[in-house]
Structures are given as structure tokens and as C-alpha cells.
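Enquirer: no sequence for this one, just the structure:
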RNA sequence: GGCGCGGUACCCAAGUGGCUUAAGGGAUCGGUUUGCAAAACCGCCAUGCGCCGGUUCGAAUCCGGCCCGCGCCUCCA
């Protein structure tokens, strides 16, 4: 499995703050853990970007020949979910499953491959409790009146990961009502909660935020796995604390590569549920096709901030359709008969080996696709052209995950075809007024007619 | 205040020393085509890369200073 093609991938590692050659711990296998959502409201573009980016990383690794185990947790119990539950009267579990299934529906539309495992906090309470017990035993945690805290002073190098200095005092939210915490930097592993809690050696309570990832990633992927991903906003305190807990227990940082995606901003400021400065994913999917949205999200570097601009998003729809067109024309020309394939060092995908440079990859795709389309239209394409088109489609769909849906797929076309041929007859009789009525009627239904030298063609123009 | 990131055409954006007299996408405008449209195609579109200095045969790319924007430091993808 380990061959030359896997050796060229470089990825930026937050742990070392530089691009490093990617090398998996076990030959041919990659364990990847990405921080998932807390399902208490609808997902926005920021979530979409994160999971599209990591889906693309996963697809690229699979393209390189790795077998990837992708784990994404679900924080299905937390303060916000409980707050929502009190507001609506539904149980926290109902809230979490409702928003999680809506999240999954949107991910499916975006052609995000499902994770292999979605561990839930509420189904892993026993593992979390064992983890905490082990930390107490090691002297890295202590209990105060039913809650348990991590003892930051027990660990050297706390703060190194996120670049926070030793002397800096970080006062967590948990500390507010609990002056007894021994160090302001200490954070909760277990929170006393008689109402929404589980039984534990320290009484009724529930897990702190960070411990779930340490406990569940260890359980599924082991003490040391390849990639840990998440949004840049999780760097501190979440990932810093996760590293602290795991390191205190096992003696090592739990993952080799720490990968963070940049934030999505709206009007220059970060998109966030809590501030209401957001653009919902389902709104975006009303504006453009899922494939166009994916192009939008992958058209800049994943580590950079991405500003949501309505015009820029809309613009990707047209670019997306040209690629759809390429696939359609190829099918029409009868040249889509074999599965496309390309090598890791093909100019089309080669840029991905440089820290997943999707923007340059898209540039290469469009550069190559432009001249091809016209050749295929004019039927002047050669076998090499058709092979290139297949490679473009392969990279676009399989590696970048941009599904090039052919509009006719899965639709009832008979009515449309009939209207079009009726229009053709009218046109031949030069009864243009009546012909245009049909054209307008179809356009209202989102069907656009294109009169080409080889006859009329149509396609669906509205997203969805 | 501490730590980090960024400023490239009308907009988005790649490029981090010569392969770029700066990719790609979108918008506008002009043209070809069309019964008219749409679509498609062709053309136009930064002698310039926040500003000022410096290093170099050569800089958007390296160094120094300055200006501006953003993120994290509190829940957050």
C-alpha cells in the first residue's frame, strides 16, 4: 500500500506550525478525528466549510490509496442543548436528534461522505467516567463538591499548543460560581448536575466539554492517531485542553497532525450561532446548487478566513454548470464509458499535495475544461480529449466531491421533451410568437432551452 | 494588552525570489452567432501585487518600519 504516490503530500500541522510531509502511523491506514457539531440549531456556512474541507481531505487521502477511518463526534448533551430544551419543552435528546438529522441531510446534499463512526457523548458516559477516574488517580484531576477539575499545574507545557504563555491566567466559564477551583486555568471534566446528570463516583453530573473528545477518540482510534481536525476557533481552549487531558493520561499528544480550517465571516465578522451573525446552510442551498456551494467553499485556501459574499457565491453557479455541461456532453458523445482515473502527480490534482490547495486545483480544472467543451460540442474531440475530460470529471467528483448532476437525471422529462418538439415545429413554421410562449413557460419552471446548431437542448437552471 | 492570520484587477481568488511582461472564476462592456433571446465562443479587463525604505543581476514573493482589516484569549466549525 505504501508507495511513491503517498509520499508527496504535505500538510500544515498546527502542532509544529509548519507544513510537514504526511506519513501515516500505520502503513496505508489513516485514523482521523474531527470535532463535530453540538446540535441545538441549524447549521450555517461555517459548519459547511469545516465539514466540506475535511471531507475533501478524506477523499484526497483515499485517492492516494489510504484506508481512512473517519470519526466525528456528536456533543448531544451540553448547556446550550439544555437551555433549548427548557425553552421548547422537548427533551435534550429530542433536540439533539432533530438538529443532528437536519445537519446530516444537509451534509448529504453537499455530497459529504458520512463519517465511519459518529460517537455520541450520551452513549459514552462510562468511558468518560473511566478516563476521569484515571486522571484523578494520576493526580491530574481533583473533585470539589460533585464536580471534577483538571489540574493544569500537573502538566508541563500547558499552553504551548495554542501559543498561550505560562503566566497567562485563563478563567473558564466553569470557574464563575466555583471559586474553589485551585487554579483559574483548571477546567471542568465533570460538572455536578442533579437534573440532567448521570450517576458517577462524584454524584449526579455530566461531562465537561473537552473530555468527550479525549475519551472517545482514545476508545475508537487509540492513544495515538494520525489527524485531528476542527475549526480554528477550537484551538483554544478546546484542543489545548484535549491535549492536556490525553497527555496527562497516556504521556503523549494524541494525534500526529492537527489541522484547523479558517473561519467563515459575514460582513467581515465571524459567523457564529451565538451572535446571530450568520448565513444558514439551508439558505445557501436555496441560492445555489450544492456543487456550486462546494466550489465556493473550496475556491480559497482552507486555512484562510473566507468571507461570505452573496455575489461571489452566486457566481460559482455558472462556473459549476460549465463542468456539469462537460460531463453531459461527454455522455452525449458516448465517451463516458469508462471510469476516469488519474495519477497522484497528474497536473490536475498535483496541487492538492501542497497542503490541499483546492483553489489552484479548481483553476487547473477550469483551464483544462474550457477548450474541451467547445471541441466536444463541435464533435472535433480526439480520444485524448475525451480521456482528459474523464480525468477532469474524476477529479472534480471523486476527489473534490463536487457532484456534477446531470439535470435530466431522476426527473420526468417526457413533458419537457414534448413541449420542446412542439416549439420546434412552430419555429419551423415561423410562428415565433407561439414558440416563445412555450420557451417562457419552460423557463418559469426552471428549464432553459439552448438552441444549438445541432438542435435544441435544455437544462435545469434553478438549484435543487 | 498577549498570541496568530491577512491586505493581489470592479468582486472572489491562486501565486512566497527568475518557469508569471501576475492562474482561475464571476461581473461589466464590445463582437460573432440567433427569427428574437438564452447559451456558447472571441475580445477588452492590474506595466501592477496596502504604503515607504532596503537586500539582490532580478522581489507580489526576502528584510525593516508604518497604515488598515480579521481571528483566538468566554460558548463557538
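Expert: Everything's here; your move. Please read all numbers here as calculations on a predicted model, not as lab measurements.
Enquirer: hey, let's count contacts and neighbours off CA atoms from now on
Expert: Will do.
Enquirer: Who does the residue in chain A that RNA strand B sits nearest to form a beta bridge with?
Expert: At 2.7 Å from RNA strand B, residue A:231 is the closest residue in chain A, using C-alpha to the nearest atom of the strand. Taking DSSP bridges, one obtains residue A:261 as the residues bridged to residue A:231.
Enquirer: same check, this time on residue A:354
Expert: The partner residues for residue A:354, given DSSP bridges, come to residue A:10.
Enquirer: circling back to that earlier point, hang on, the residue of chain A closest to RNA strand B packs against residue A:260?
Expert: Yes. If you go by C-alpha atoms under 8 Å, residue A:231 and residue A:260 touch, sitting 5.2 Å apart.
Enquirer: neighbour count winner among these two?
Expert: Neighbours per residue (other C-alpha atoms under 10 Å) separate residue A:231 from residue A:260, with residue A:260 holding more: 24 against 21.
Enquirer: Now do the contacts for that one.
Expert: Counting by C-alpha atoms under 8 Å, 6 or more residues apart in numbering, residue A:260 touches A:14, A:229-232, A:235, A:303.
Enquirer: pLDDT value on it, please?
Expert: Here, the pLDDT recorded for residue A:260 equals 97.
Enquirer: For it, give its distance to residue A:350.
Expert: 22 Å (C-alpha to C-alpha, to the nearest Å).
Enquirer: same question, residue A:314
Expert: Look at residue A:314 and residue A:350: by C-alpha to C-alpha, they are 28 Å apart.
Enquirer: what's the neighbour count on residue A:363?
Expert: As a burial measure, residue A:363 scores 13 neighbours (other C-alpha under 10 Å).
Enquirer: what's the answer for residue A:455, then?
Expert: Around residue A:455 there are 8 residues (other C-alpha under 10 Å).
Enquirer: per-residue pLDDT, residue A:172?
Expert: Among the per-residue scores, residue A:172 shows a pLDDT of 45.
Enquirer: Let me know the closest of the contacts of residue A:260 to residue A:75.
Expert: Closest to residue A:75 out of those is residue A:230 (13.8 Å), distances taken as C-alpha to C-alpha.
Enquirer: What's the first helix or strand after the strand or helix carrying residue A:132?
Expert: Following DSSP states H and E, one finds residue A:132 within helix A:125-137. Heading C-terminal from helix A:125-137, the first helix or strand you meet, by DSSP H and E, is strand A:141-144.
Enquirer: residues of that following strand that come out buried?
Expert: Residues A:141-143 are the ones in strand A:141-144 that count as buried (16 or more other C-alpha atoms under 10 Å).
Enquirer: Turn those residues into JSON lines, including pLDDT and distance to residue A:360.
Expert: Output for the buried residues of strand A:141-144, formatted as JSON lines (pLDDT from 0 to 100; distance: C-alpha to C-alpha, whole Å):
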{"residue": "A:141", "pLDDT": "97", "distance to residue A:360": "47"}
{"residue": "A:142", "pLDDT": "96", "distance to residue A:360": "50"}
{"residue": "A:143", "pLDDT": "96", "distance to residue A:360": "52"}
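Enquirer: Just name the closest of those to residue A:288, please.
Expert: Distances from those to residue A:288 were compared by C-alpha to C-alpha; the smallest belongs to residue A:141, at 49.5 Å.
Enquirer: and the spatially closest residue to the closest one that is not a sequence neighbour, how many residues sit next to it?
Expert: Spatially, and ignoring its direct neighbours in sequence, residue A:141 is nearest to residue A:150 (4.3 Å; C-alpha to C-alpha, 6 or more residues apart in numbering). Here the count is done by other C-alpha under 10 Å, and residue A:150 has 29 residues near it.
Enquirer: where do the helices sit along chain A?
Expert: A:45-63, A:79-88, A:92-109, A:125-137, A:211-221, A:240-250, A:281-287, A:290-298, A:310-332, A:358-377, A:383-394, A:414-428, A:432-444 (DSSP state H).
Enquirer: Give me whichever of those helices is most buried.
Expert: Neighbour counts (mean count of other C-alpha atoms under 10 Å) averaged over each of these peak at helix A:290-298, with a mean of 25.
Enquirer: From the contact counts, what lies against that helix?
Expert: The elements that helix A:290-298 packs onto, with contact taken as 3 or more C-alpha pairs under 8 Å, 6 or more residues apart in numbering; DSSP states H and E, are helix A:45-63, helix A:310-332, helix A:358-377.
Enquirer: And the average pLDDT for the last one is what?
Expert: If I follow you right, that is helix A:358-377. 91.
Enquirer: Find the residue ranges of the stretch 201-350 of chain A scoring beneath the pLDDT cut-off.
Expert: Along the stretch 201-350 of chain A, the model assigns pLDDT under 70 to residues A:338, A:340.
Enquirer: Which residues of it lie near RNA strand B?
Expert: A:209, A:230-238, A:261-265, A:268-274, A:299-301, A:304-307, A:309, A:311-312, A:314-316, A:318-319, A:322 (C-alpha under 7 Å from any atom of the strand).
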